[in-house]
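Asker: Give the three-dimensional model of this entry:
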Amino acid sequence: MDLTAVGINLVKCIRTGEVVELRSVWKERVSVIFFLRRFGCQVCRWTAKEISKLKEAFDQNDVHLVGVGPEELGVKEFMDGQYFKGDLFIDEKKQCYKDLGFKRYNAINLLPAALGQKVRQIVTQANKDGISGNFTGDVMQSGGLLIVSKGGEKVLFHFVQDSPGDHVPLDTICQVLGITATAEAEEVTLPQCTDACTR
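Answerer: Numbers count the residues shown, from 1 in each chain. Next comes the predicted model:
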C-alpha cells in the first residue's frame, strides 16, 4: 500500500462540503480512519458507535478520529442517528477503498459473507443496543481501518475486512496508539451463536 497515493485522493467533508486530500486528516496529528462499507449498514453503525467510545481518550492524546464512507447515500440518517463522534468524509470515487485493498463482493460471495457468524453476532448485539440498518447503497463494498502517524510518516496499522462482520477490537486500537482508554471504552462481549442462529 502506497500511503502517498492514498493521501492525495480527494474526499468531501460532510460538515463543510469542502473537498480535501485525505492526507489533510493526518497532517497535524495521528489519525484513526474508519472506512465504512455503507452509512446504512447495521454492522458499520454498530462499529462506528463502538469506536466512538474511544473519542474521549483520543482527544486526550491528540488523536484524530475520522470516518470515510464510499457514497453520500444514507449519510444524513447516519448523522441523525449519532453513530459516530469523529469527522466524516465521503470518498465519492472510492479511490481510497481501491488503493487500500478493500475488496468488493459479487453476487456469488456476498450472501455467504452477509450471513456469516461474525455478522450475525454483531447484528444481535446491534439489535440489543437499538441500532438498526438498511440495505440502501452499495452493498458490495467492504471497508477497514487505517491508523497513520502525524504527518503521514508511517502507517501504524492497516486492517482490511475479510467479512462484513470483521472489525478491529478497541483494545487493539489502543495498543497500536499506545494509549489507555477509559472504562467507557470497554469492549462489548459479543454473544456466542448457538444452533438457533443457523436455523
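Asker: what about the helices in the protein?
Answerer: Ranges of helices in the chain, per DSSP state H, are 3-7, 42-52, 55-60, 75-80, 95-99, 110-114, 117-128, 170-177.
Asker: Can you tell me which of those helices is nearest to Gly69?
Answerer: Closest to Gly69 of the helices of the chain, according to Cβ to Cβ: helix 75-80, at 6.3 Å. In this view, the C-beta of every residue, glycine as well, is placed from N, C-alpha and C.
Asker: and that closest one, how far from the chain's centre?
Answerer: 15 Å (Cα atoms, centre = their mean, to the nearest Å).
Asker: Which neighbouring elements make contact with it?
Answerer: strand 87-90 (3 or more Cβ pairs under 8 Å, 6 or more residues apart in numbering; DSSP states H and E).
Asker: Stretch 41-61: end-to-end distance?
Answerer: 30 Å (Cα to Cα, to the nearest Å).
Asker: ditto for stretch 84-102
Answerer: Start and end residues of stretch 84-102 are separated by 21 Å (Cα to Cα).
Asker: Could you pull up the mean pLDDT of that stretch?
Answerer: Mean pLDDT, computed over stretch 84-102, is 95.
Asker: Buried residues, it. List them.
Answerer: 84-91, 94-97, 99-100, 102 (16 or more other Cβ atoms under 10 Å).
Asker: Please work out how many residues are found near Ser149.
Answerer: By the criterion of other Cβ atoms under 10 Å, Ser149 has 14 neighbours.
Asker: try Ile51
Answerer: Counted with other Cβ under 10 Å, residues neighbouring Ile51 total 24.
Asker: so who does it touch?
Answerer: By Cβ atoms under 8 Å, 6 or more residues apart in numbering, the contact list for Ile51 reads 32, 34, 65, 84, 86, 170, 173.
Asker: If we use 6 Å, what do you get?
Answerer: Ile51 is in contact with Phe34, counting by Cβ atoms under 6 Å, 6 or more residues apart in numbering.
Asker: Between the buried residues of stretch 84-102, which sits nearest Asn127?
Answerer: Taking Cβ to Cβ as the measure, Asn127 lies nearest Phe84 of those, at 19.0 Å.
Asker: is it true that that closest one touches Leu65?
Answerer: No: assessed by Cβ atoms under 6 Å, Phe84 is found out of contact with Leu65, at 8.0 Å.
Asker: what would the helices of the chain look like in a markdown table with distance to Met140?
Answerer: Below are the helices of the chain laid out as a markdown table (distance: least, Cβ to Cβ, whole Å):
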| stretch | distance to Met140 |
| --- | --- |
| helix 3-7 | 21 |
| helix 42-52 | 14 |
| helix 55-60 | 30 |
| helix 75-80 | 18 |
| helix 95-99 | 11 |
| helix 110-114 | 6 |
| helix 117-128 | 15 |
| helix 170-177 | 26 |
